[in-house]
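Peer 1: With the input below, show me the fold.
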Amino acid sequence: MSEPPPPAADETAATEGTEEPGGEDDSQVVAQSLEQPELFARLYDRYAADIHRYATRRLGPDVADDLTAETFLIAFRIRSRYDLARPNARPWLYGIAGNLIGKQRRSEVRALRALARGGHDPVAESWSETWVEDTDSRIAAQGPLAGALAALPPGDRHVLLLVAWADLSYQEVAEALDIPLGTVRSRLNRARRKVRTALGADPAFVTDPAEVA
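Peer 2: Next up, the predicted model:
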């Protein structure tokens, strides 16, 4: 499979596993690919840009191409173990990508700490968009945000960024990481508190209603 082109800034998120061709959901594509391996490329076409974008934000553009390719190669090799009761393969693919990112945890943390010490990173500029609205404040927030992300336990960081950057639901994060939904909620609540506190938010207002729903 060829590497995906750099994702456009205005790309929309992937739909819930029911795209063309043929209108098959992801589980049907996986099942069909067991007899016709070339059909697995449809999942690549649907989700490679999303995975590439996420990998770029986590580890930078130099790593994102290889990590995206390896994610889909692993997915292809283990596709016979995919749970066909799940029509959307996106959480499964993010779970594979997350495992690969986890193997480079030291590199990620080292880069975050370097950014926290000072300097402007155009990739990192988008990080603070989730928490800071004003452009000038967003740039200023890069250092504190990078420091806060670096200080998070790996499990908490995975959950936070799958929600904030990959736009996965809590249930999808649970599926991606193979952890209970309650664990997702507790990790996310803890991580958001630490990040927002690092950005100067009032600790009394750092919990979203959805986090405790």
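
Peer 1: so what's the backbone phi/psi at Leu84?
Peer 2: phi -70, psi -10 (degrees, to the nearest 10).

Peer 1: which residue sits closest to it, ignoring its sequence neighbours?
Peer 2: Distances taken as CB to CB, 6 or more residues apart in numbering place Ser27 nearest to Leu84, at 4.5 Å, with adjacent residues excluded. Every C-beta, even on glycine, is put in place using the N, C-alpha and C of the backbone.

Peer 1: May I have the one helix or strand the one you found maps to exported as PDB, CA atoms only?
Peer 2: Secondary structure from DSSP states H and E places Ser27 in helix 26-33. Extracted in PDB, the C-alpha atoms of helix 26-33 (Å, rounded to 0.1, in the frame of the first residue of the first chain):
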ATOM      1  CA  ASP A  26     -16.100  -1.900   7.700                       C
ATOM      2  CA  SER A  27     -16.900  -5.400   9.200                       C
ATOM      3  CA  GLN A  28     -18.100  -6.500   5.800                       C
ATOM      4  CA  VAL A  29     -15.000  -5.200   4.100                       C
ATOM      5  CA  VAL A  30     -12.800  -7.100   6.600                       C
ATOM      6  CA  ALA A  31     -14.900 -10.300   6.200                       C
ATOM      7  CA  GLN A  32     -14.700 -10.100   2.400                       C
ATOM      8  CA  SER A  33     -11.000  -9.400   2.500                       C
END
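
Peer 1: Which residues does that helix contact?
Peer 2: Residues from elsewhere that reach helix 26-33, judged by CB atoms under 8 Å, 6 or more residues apart in numbering: 17, 24, 39-40, 42-43, 46, 76, 79, 82-90.

Peer 1: Could you look up the SS state of Val109?
Peer 2: helix (DSSP: H, G, I helix; E, B strand; the rest coil).
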